[in-house]
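Asks: Got a predicted model here, sequence first, then my questions.
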Amino acid sequence: MLRTSTFLVTLAIAGCGGAPKPPPEPSQPAPIAAEPEPEPEPPLDDAPMLDVIAAQPTEILLDGKPIGTTPISGRKVAPGSHEVTFVDPERGNRTMMVTLEPGDAKTVQSDPPPSLVEASGGATDDKQGETKK
């Protein structure tokens with residue numbers, strides 16, 4: 001009987017004394033395939049656009065700040081009035097005003113003013129601006 005008791009106690013200890021089983025992991029819900037949110041429509045870009053051209057490459061100031069050399073194409077500006085200055089160290093700067101509304105696209109063009117010789121077509125005498133030959 002002692003043997004039987006010892007055997008049963010050993011069997012009971014072996015069955016109970018093993019490493020504890022880890023608790024079962026909580027089941028996670030299967031991920032739901034969410035449809036991607038549609039991308040919002042991009043806002044309409046209605047910024048006014050400005051082109052600036054001149055007969056010769058010319059430095060341009062927009063509202064007093066340099067923006068490059070002509071030709072300038074597709075320059076986005078804020079709506080409203082702007083000063084466009086054509087920098088000409090030889091003949092003097094020329095400034096023009098341009099007013100743009102949202103969605104506008106305008107071109108500002110300036111050719112240098114003609115020199116005195118070009119304006120008169122050559123030298124003139126004092127009689128009614130006739131050209132000397």
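Replies: Done, it's in.
Asks: List the strands paired with the helix or strand containing Lys106, with their directions.
Replies: Secondary structure from DSSP states H and E places Lys106 in strand 105-110. Here strand 105-110 is paired, per DSSP bridges, with strand 49-54 (parallel).
Asks: Quick check: the gap between the residue lying closest to Gly64 once chain neighbours are set aside and Glu59.
Replies: Closest residue to Gly64 apart from its sequence neighbours, by C-beta to C-beta, 6 or more residues apart in numbering: Glu83 at 6.9 Å. (Each C-beta comes from the backbone N, C-alpha and C, glycine too.) For Glu83, the distance to Glu59 (C-beta to C-beta, to the nearest Å) stands at 14 Å.
Asks: More neighbours: which of these two?
Replies: For Glu83 versus Glu59, the count of surrounding residues by other C-beta atoms under 10 Å is larger for Glu59: 16 against 13.
Asks: Got the confidence number for the more buried one?
Replies: With respect to pLDDT, Glu59 scores 95.
Asks: ditto for Glu83
Replies: Note on Glu83: pLDDT of 96.
Asks: From what I see, it and Asn93 are in contact.
Replies: No. Applying C-beta atoms under 8 Å, one finds Glu83 not in contact with Asn93, separated by 10.5 Å.
Asks: that older thread, may I have the phi/psi pair for the residue nearest to Gly64?
Replies: Glu83 adopts backbone torsions of phi -100, psi 130, taken as degrees, to the nearest 10.
Asks: outside of stretch 65-75, which residues touch it?
Replies: The contact list for stretch 65-75, computed with C-beta atoms under 8 Å, 6 or more residues apart in numbering, reads 49-54, 56-62, 86.
Asks: now those in a markdown table, with distance to Pro79?
Replies: Output for the contacts of stretch 65-75, formatted as a markdown table (distance: C-beta to C-beta, whole Å):
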| residue | distance to Pro79 |
| --- | --- |
| Met49 | 11 |
| Leu50 | 11 |
| Asp51 | 16 |
| Val52 | 17 |
| Ile53 | 22 |
| Ala54 | 24 |
| Gln56 | 30 |
| Pro57 | 28 |
| Thr58 | 25 |
| Glu59 | 25 |
| Ile60 | 19 |
| Leu61 | 19 |
| Leu62 | 14 |
| Phe86 | 23 |
